[in-house]
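>>> sequence first, then the predicted structure, then my questions.
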Amino acid sequence: MTRMNLKVGDSLLLENRSTSLVSVIQRLRTGWLVKPHGSDATEVIEDSDLAIAYNQHQLRHFPCDLEAHSASLVRKLKSTFDAWPADCKRECLRRLAYVQALDRVKDEHSNLLDAANLISATIWEANRARWEQEERDAAIAERVTTRRRDGEACDDDPVMPKALKPPNSRTLTGWHKIWEQSGRSELALLPDYAGRGNRTPRYPVSLDDTKPDTYSLMEKFISDFHMGFLKRNLEVAYDLYKAECMNSDIPFVSSRTFRRFKKRRFSDYETCVRREGKKAAYLKFSVFETREIPDRPLEEVEIDHCLVDLILVDSNKRVIGRPWITVMIDRSTRCIVGIHVSFMSPSHLTIQRVLAHTMYEKDLSEFTNLQNEWPCYGLPEWLISDRGKEFLSRSFRTSCLLLNIYPVALPGRKPWLKGAVERIFATLHAQVFDLREGSTKAWNADTYNSAKRATTTLAEFKQILVEWIVDDYHQTPHPALKRKFGRETTPGEAWSTLNDRYGVRWAPDPQNAFRLTGELFDRKILPTGVSIKGCLYFDKAVLTRLLRMPDGHKKSWVFRRDRADLGRIWVLVDGEGWVEIPNIDGDIFQGASEQQFQLWKKQAKETSPQNEAITIGELRAAKKRVEQIQAAALTGKSRLKGAIRLAQFGYMGNVFSPVPGYEGGRTETALPANDLLPTDHGENQEHAVHQVAPEDSEHLGHIAKPPNDPLKFEDDVDLAAAELLREMRG
């Protein structure tokens with residue numbers, strides 16, 4: 001066992017013991033007798049224990065008795081040289097040069113003072129030029145830093161460095177004495193500038209809590225006015241404090257002292273909490289760990305909506321409005337895997353369409369001049385969202401269950417947890433939307449009217465959006481991927497690599513995708529059929545069979561409906577799955593959206609007698625009138641404000657690009673909106689990235705393997721949905 005060379009009187013700092021600081025008393029055969037500081041008891045520390053503590057970096061040796069020194073000197077010796085301010089370190093090194101030179105020649109003189117006189121002048125002449133230059137450089141650097149921090153321009157005023165002079169003989173001998181008593185540690189020579197000065201209060205301090213003094217008034221006015229509800233400027237708080245002191249005949253401090261008191265009394269974090277809120281302070285004074293990127297493509301997918309800061313127009317240069325875009329981005333590859341564009345606020349229909357765009361191959365035939373493909377499609381495993389109503393709805397959660405997707409609703413007001421999709425929106429605006437005429441970020445009532453300057457049509461908007469995704473974003477190296485792949489990697493390359501290695505999950509066929517992700521309703525079957533929001537659905541054979549089932553006429557059946565196609569619904573039958581039921585007025589509602597139906601009803605009410613039900617004939621006539629008004633608005637034949645208002649909801653329900661095999665959509669047409677600048681009424685800006693583990697981790701073993709039989713997969717999904725709904729009722 002290697003033995004440490006200690007001396008009697010040395011101090012040891014052991015971080016792995018309850019009594020960490022001890023003094024060495026005596027050498028024993030296999031260890032040392034030590035005495036904890038502040039105690040008369042003794043104990044034995046074995047050489048093996050010292051060796052273990054030393055090798056674990058839990059032992060510090062001080063070649064002096066710390067218990068015999070002042071608290072200020074002990075604090076210096078326990079500290080680290082690099083932790084002290086730069087001016088203290090420069091002064092410490094100058095003092096060290098003096099005392100080391102004095103220690104070398106002290107035996108050549110009759111007394112220490114004579115040696116100190118000679119050394120003081122010799123060392124000063126040898127190092128004066130270098131030391132003074134160091135002080136000038138430090139003063140210049142401090143001035144530059146201060147002016148940059150305060151936003152002031154640099155000037156040519158000469159700097160005033162610290163004045164240096166050689167120490168007198170008694171000061172030098174005092175430094176030498178402290179240096180030797182501390183075991184010749186340079187830390188003992190550090191100047192304690194912060195501890196200088198008069199520590200007694202300059203102004204009278206009141207001993208009676210009911211009588212304020214200048215210190216309590218400073219704290220009160222800073223807390224109440226600068227950090228309180230009003231959040232006044234600090235100078236305003238000082239003026240109020242000064243006025244109160246003058247009225248109460250209490251001495252007041254200067255504005256500079258007032259600011260320094262505030263800085264000492266309230267930390268920056270406390271100031272931020274009280275002036276800007278806990279969230280702002282949390283973001284400003286916290287660090288966040290970068291989470292690992294998933295391994296498989298589509299293992300974790302983020303989804304969110306954004307109201308685009310760009311006004312679109314139709315082919316006649318009439319304002320349409322600001323579109324909403326919904327984006328799904330894959331965390332493992334940073335690829336945009338799905339997108340939806342609409343002039344309507346986010347809803348379950350939006351999620352339904354963007355999921356369909358994500359799950360199937362993109363048909364980009366309508367877009368021209370594309371240099372690359374968009375190969376990203378498949379079924380997500382984890383779908384990460386904020387806490388918007390559409391993401392917390394029963395329809396969405398059931399859709400995720402049927403598609404074997406795990407939804408993750410992240411905590412509110414934490415957008416940094418879902419940073420990938422948030423940065424996509426910021427990048428899209430910075431690189432694409434903000435550079436085009438009609439950007440609302442440039443809106444100025446006097447100089448720039450975004451609505452009048454808008455020139456981008458919906459078709460152009462979709463073209464530039466696809467070009468940016470396919471030819472720009474997917475082909476540009478992403479910094480987050482460099483940590484995973486160890487080199488500059490583009491999202492397109494990452495998708496190709498991981499897809500070849502792991503593959504993606506399959507999704508149901510396109511028709512089932514819209515059925516499985518539709519809205520849920522609980523309804524009883526009436527003798528006249530099934531009524532859902534003013535629409536009647538009827539199939540005599542199916543409904544009769546359902547009513548004759550056990551308790552079929554009493555139970556509430558579960559129905560699904562596609563809001564973009566009111567021509568049919570589906571009913572969930574135990575043991576069978578989803579059964580389609582057509583609309584009794586299919587000639588009107590086939591391919592019609594819920595918003596179009598509302599417009600027809602409103603138009604029919606304007607011509608029908610008051611307080612009377614709308615007949616199907618009146619609804620047909622209203623539909624024709626609305627279509628005529630829409631056509632007039634699109635062709636520019638009508639300038640009526642009502643025509644623009646009625647045409648607002650003409651477009652709804654289509655996916656961003658055609659889904660192979662899906663024929664339920666209508667031809668996409670851009671229609672004008674009512675307002676020049678639609679109000680943002682629901683853009684979700686809460687985001688997150690908190691990974692929530694599934695309750696049953698066994699599901700993770702097979703989610704990356706597609707089923708061999710898609711039809712069997714569909715049957716399993718229907719049976720699982722029926723079982724889930726029975727549990728929900730129970």
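That came in fine, so what should we check first? Everything quoted here is computed from the prediction, not taken from an experiment.
>>> domain boundaries for the chain, per the record?
11-68, 81-195, 214-284, 300-510+680-729, 518-649 (automatic domain parsing).
>>> closest one to Val655 among the ones you listed?
With respect to Val655, and counting by C-beta to C-beta, the nearest of those is domain 300-510+680-729 at 4.7 Å. All C-beta spots, glycine's among them, are computed from the backbone N, C-alpha and C.
>>> mean confidence for the closest one?
Domain 300-510+680-729 shows a mean pLDDT of 81.
>>> what residues are up against Ala281?
The neighbourhood of Ala281, defined by C-beta atoms under 8 Å, 6 or more residues apart in numbering, consists of 269, 272-273.
>>> okay, now the unreliable bits of the stretch 151-300 of the chain?
153-156 (pLDDT under 70).
>>> which residues in it form strands?
Taking DSSP state E, counting those that start in this stretch, the strands of the stretch 151-300 of the chain run over residues 300-307.
>>> quick check: end-to-end length of stretch 307-324?
Terminal residues of stretch 307-324 lie 4 Å apart, using C-alpha to C-alpha, to the nearest Å.
>>> where does pLDDT dip in the stretch 551-700 of the chain?
Along the stretch 551-700 of the chain, the model assigns pLDDT under 70 to residues 633-654, 659-700.
>>> among the contacts of Ala281, the buried ones, what's the PyMOL command?
Buried residues among these (16 or more other C-beta atoms under 10 Å), as a PyMOL selection:
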select buried, resi 272+273
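>>> picking up where we left off before, of all the domains of the chain, which lies closest to Val205?
Smallest distance to Val205 across the domains of the chain (C-beta to C-beta): 6.6 Å, for domain 214-284.
>>> all helices of the stretch 451-600 of the chain, in order?
Under the criterion DSSP state H, counting those that start in this stretch, the stretch 451-600 of the chain contains helices at 458-467, 479-485, 491-502, 510-516, 540-547, 586-589, 594-607.
>>> longest helix anywhere in this protein?
In the chain, taking DSSP state H as the definition, the longest helix is helix 112-150.
>>> returning to what we had before: most tightly surrounded among the domains of the chain?
Compared across the domains of the chain, domain 300-510+680-729 shows the largest average neighbour count, a mean of 18 (mean count of other C-beta atoms under 10 Å).
>>> enumerate every residue touching the nearest residue to Leu547 once chain neighbours are set aside.
Leaving aside its chain neighbours, Leu547 sits nearest to His553 (5.1 Å; criterion: C-beta to C-beta, 6 or more residues apart in numbering). His553 makes contact with 524-525, 547 under the criterion C-beta under 8 Å, 6+ apart.
>>> measure His553 to Val571 for me?
Separation of His553 from Val571 (C-beta to C-beta, to the nearest Å): 14 Å.
>>> re earlier: just checking the distance from the longest helix of the chain to the centre of its chain.
Taking C-alpha atoms, centre = their mean, to the nearest Å, one finds helix 112-150 lying 47 Å from the centre of the chain it belongs to.
>>> what helices or strands is it leaning on?
Counting contacts by 3 or more C-beta pairs under 8 Å, 6 or more residues apart in numbering; DSSP states H and E, helix 112-150 packs against helix 86-105, helix 169-181.
>>> and it, what's its mean pLDDT?
For helix 112-150, mean pLDDT is 91.
>>> give me the angle between that helix and helix 86-105.
Going by axes from the mean of the first three to the mean of the last three C-alpha atoms, to 10 degrees, helix 112-150 is angled at 160 degrees with respect to helix 86-105.
>>> quick one on the thing from earlier: looking at the contacts of His553, spot the one nearest Ala459.
Ile525 (44.4 Å).
>>> shouldn't that closest one be in contact with Gly552?
Yes. Contact criterion C-beta atoms under 8 Å: Ile525 and Gly552 qualify, at 7.1 Å.
>>> mutual contacts of those two, please.
Common contacts of Ile525 and Gly552, defined by C-beta under 8 Å, 6+ apart, comprise Leu546.
>>> which of the contacts of His553 lies closest to Arg60?
Nearest member of the contacts of His553 to Arg60, counting by C-beta to C-beta, is Lys524, at 80.2 Å.
>>> show me what contacts the spatially closest residue to that closest one that is not a sequence neighbour?
Computed as C-beta to C-beta, 6+ apart, the closest residue to Lys524 that is not its neighbour in sequence is Ser556, at 5.6 Å. Going by C-beta under 8 Å, 6+ apart, Ser556 touches 522-524.
>>> phi, psi for Ser556 please.
phi -90, psi 120 (degrees, to the nearest 10).
>>> Leu546 versus that one, what's the distance?
12 Å.
>>> repeat that for Phe485.
Distance from Phe485 to Leu546, by C-beta to C-beta: 55 Å.
>>> now distance to Pro201 too, for the domains of the chain, in JSON lines please.
Listed next are those as JSON lines, based on distance: least, C-beta to C-beta, whole Å:
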{"stretch": "domain 11-68", "distance to Pro201": "31"}
{"stretch": "domain 81-195", "distance to Pro201": "17"}
{"stretch": "domain 214-284", "distance to Pro201": "7"}
{"stretch": "domain 300-510+680-729", "distance to Pro201": "44"}
{"stretch": "domain 518-649", "distance to Pro201": "70"}
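>>> who touches the residue lying closest to Tyr238 once chain neighbours are set aside in this structure?
Spatial nearest neighbour of Tyr238, chain neighbours left out: Phe258 (4.8 Å); criterion: C-beta to C-beta, 6+ apart. Neighbour list for Phe258: 218, 234, 238, 241 [criterion: C-beta under 8 Å, 6+ apart].
>>> mind putting these into CSV with distance to Glu134?
Shown next, in CSV, are those (distance: C-beta to C-beta, whole Å):
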residue, distance to Glu134
Met218, 38
Leu234, 36
Tyr238, 38
Tyr241, 42
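>>> so which of those residues are in helices?
Counting by DSSP H, those place 218, 234, 238, 241 in helices.
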